[in-house]
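> Everything below, folded, please.
(one chain, ligands or ions: 1)
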Amino acid sequence: MPQKFYLSTAIHYVNDDPHIGHMYENIVADTIARHHRRMGDDVWFLTGTDEHGQKIERAAAKEGILPIELADRVVKTHLELWKKLNISNDDFIRTTQARQRIGVYELIRRIQERIPDDIYLGEHAGWYCQNEETFIPENQVREKRDESGHPVEWTTEMNFFFKLSRYAEPLLAHYRKHPQFISPQTRMNEIVSFVEQGLKDLSISRTSITWGIPWPGYPDHVVYVWMDALTNYISALGFGTKEDQKFRRYWPANIHLVGKDITRFHAVYWPAFLMAAGIELPKRILAHGWWLRDNQKISKSLGNVVRPYNIINDFGADAFRYFVLREMVFGQDQNYSDEAFLSRYNADLANDLGNTMARALKVSETYFGGKTPPVPCDDNDLLRASRELVPEYLRAMDEFAFQRALEIAWRFLVAVNGYIVAKEPWKQFKEEGASDSLSRVIWNPLESLRIIWVMLAPFMPSLTRDALARLGSDPDAIGSEDLKWGGLPNGVPIRVGESMFPRADSAAYIGGTMSNPPIETTQAAPPDLANVTIDQFREIDLRVVDIRAAEKVEKSKKLIKLTVFDGTSERTLVAGIATRYSPEELVGRKVVIVANLQPATLMGVESNGMVLAASIGGEPSLLSVDASVPAGTKVK
Ligand code: MSP
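Coordinates of the predicted model:
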């Protein structure tokens, strides 16, 4: 029977659409899941959404809708995105599902049954802020105000507490006995020193939260959101129900993958709850780093959230998956920029991988009648390279060193390219035609590329299928056996096809999408730029113009060249709006432009100004004015 492997991500809050942090987490989990599946494990991969608590309650109140209405809407974006990113989760839990409530109640019941005084009713006292509807930590309160100046009041309420203080020693003993329980090691060290300072009992119910799971027997109490959230890992398996075979099969989890900011909840509170309930602990808490923007963590409150939906739409899910896994050293933080994506895309994917594929396929197509060569080869430098690199790659995968695993695949790729260049098969063909010796020379790079794609399968699952099919191989042959030399069939049809990674003109992509940025950011203005003076504003010449002609810019998906009349003369400008507007529907329209922007050349066309458009999820929407407003009218 195959080994079971249960892997989970954090459950993501539904107060907003997912951003790059959530995407990264699910891509990492998916890569681990796919790797374990192909090594023969019986994988169960869970992700989901955290739908309770004040965050969601408040976001819903802002829109004047119920929390569940907000959750129902936002969860759709999550589900669509996971599909688009090729996330192969076996289950998806929402904390608002019935199975979650059953799991939470069963966990509480077991704790109360085993150690009755582990959960007790006590008084919770603290500074309560009406505006924030939450307790404010003592060190953030000054003269009865919180850090934002809202008044706070000393408030006491009755809450249920969990005797966490009792678990410091057992937890430390567990960490000692299982040195891999928390990784990377830096996170283990942090947690150990936190627990060594002693643990305070934990408030696990609240009366001040209304959106959550009611505390059994106390309808005005709600199970505190973290106890609720953490229980998802067992309630998703049917814990507490009669149909708990899945729980018996897959628990304890092999990996809980989480971001470094929430390690404490998973490595301290959750194991303590489980110990109290007499349930086995998960085997490993694996913590990843943060995606940053300009060295700051992205967050809704900072307003610098990155959602690179356009990159995914334009370059495909797999290229984006490759990028995040290659760019970030697992466990560490990394800045995101679209420029970095484009340069990796061009260098690694278009140049190294795409060109090597095209070159190797092309020679076989030309010299062996559109087929793989008839004679294989089992003694050559590439075979030796594969014997050295594949085990190294597998080690990296086992250590979650995705960046290293990809670097190793690229080392192999560079060797393949070098082999083709050194062997000059085109010369050999001239001398001896489609000989057995030429067959071997051409078979080797193709066989190596097949193995490289098998290595890449967990990272770029859908492109792998395409690539293997081009190589005349079975698109589903991505198991551990397929990493061995010798799997490429002989004399079967291959397909060169269109380039797998067409080169991107990065300057044009970034420049051309000015009104449609590839990364949708709502960057918080630095404090000294938050306000501009009226004089500064007057320096910008905003004007109504009449669009007289429009045509698509050659070879660009996004750019349209516009000829506009600005009241005195005609000028040309380039706008990144072709994904939304056709040239025909633009002619005759009145729009607003920045008329005194320095000219810029985009894809060879000079642009004298910028058309104003709102960006909705990256899609441009032009600002328009009444047809009666004459061209040249100033906007102020
Ligand atoms: N709902 C809680 C987790 C409960 S798990 C039982 C939560 N949700 S979250 O939506 O805020 O974050 C979900 C996951 O995304 C967390 O693992 C978090 O660390 C991760 N990320 C959020 N922002 C991130 C980055 N900027 N970069 C990488 N991942 C980060 O916390």
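
> which residues sit in contact with residue 167?
Residue 167 makes contacts with 199, 271-272, 275-276, as judged by C-beta atoms under 8 Å, 6 or more residues apart in numbering. (Each C-beta comes from the backbone N, C-alpha and C, glycine too.)

> model confidence over stretch 498-515, on average?
Summarised as a single mean, pLDDT over stretch 498-515 is 77.

> Quick check: residue 163 touching residue 112?
No: applying C-beta atoms under 8 Å, one finds residue 163 not in contact with residue 112, separated by 11.7 Å.

> picking up where we left off before, tell me the most packed of the contacts of residue 167, by neighbour count.
Neighbour counts for these, by other C-beta atoms under 10 Å, peak at residue 272, which reaches 26 neighbours.

> Just give the closest residue to it, not the sequence neighbours.
Of all residues not flanking residue 272 in the chain, residue 167 sits nearest, at 4.0 Å (C-beta to C-beta, 6 or more residues apart in numbering).

> hang on, that neighbour in a helix?
Yes: under DSSP: H, G, I helix; E, B strand; the rest coil, residue 167 sits within a helix.

> and residue 37, how many neighbours does it have?
19.

> roughly how far apart are it and the ligand?
Distance, residue 37 to the ligand, by C-beta to the nearest ligand atom, to the nearest Å: 23 Å.

> wait, isn't that residue in contact with residue 43?
Yes: Residue 37 lies in contact with residue 43 (C-beta under 8 Å); the separation is 4.8 Å.

> Would you mind naming what in the stretch 201-350 of the chain lies close to the ligand?
Proximity of the stretch 201-350 of the chain to the ligand is confined to 229-230, 232, 258-259, 261-262, 290-291, 297-298 under the rule C-beta under 6 Å from any ligand atom.

> tell me which of those residues is nearest to the ligand?
residue 259 (1.7 Å; C-beta to the nearest ligand atom).

> Next secondary structure element downstream of the lowest-mean-pLDDT helix or strand in the chain?
Within the chain, no helix or strand scores below strand 520-521, which has a mean of 42 by mean pLDDT, DSSP states H and E. Using DSSP states H and E, the helix or strand that follows strand 520-521 in sequence is helix 534-538.

> For this protein, what lies in contact range of the ligand?
Counting by C-beta under 6 Å from any ligand atom, the residues of the chain near the ligand are 10-13, 21-22, 24-25, 50, 229-230, 232, 258-259, 261-262, 290-291, 297-298.

> Could you dump the contacts of residue 167 into TSV with secondary structure and pLDDT added?
Conversion of these to TSV gives the following (DSSP: H, G, I helix; E, B strand; the rest coil; pLDDT from 0 to 100):
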residue	secondary structure	pLDDT
199	coil	97
271	helix	98
272	helix	98
275	helix	98
276	helix	98
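
> Between the residues you listed, which sits nearest residue 466?
The nearest member of those to residue 466, counting by C-beta to C-beta, is residue 271 at 43.1 Å.

> Assign residue 121 to helix, strand or coil.
Per three-state DSSP, residue 121 ends up strand.

> same question, residue 128
From three-state DSSP, the assignment for residue 128 is strand.

> That one: how many residues sit nearby?
19.

> again with residue 366
With other C-beta under 10 Å as criterion, residue 366 counts 15.

> try residue 88
16.
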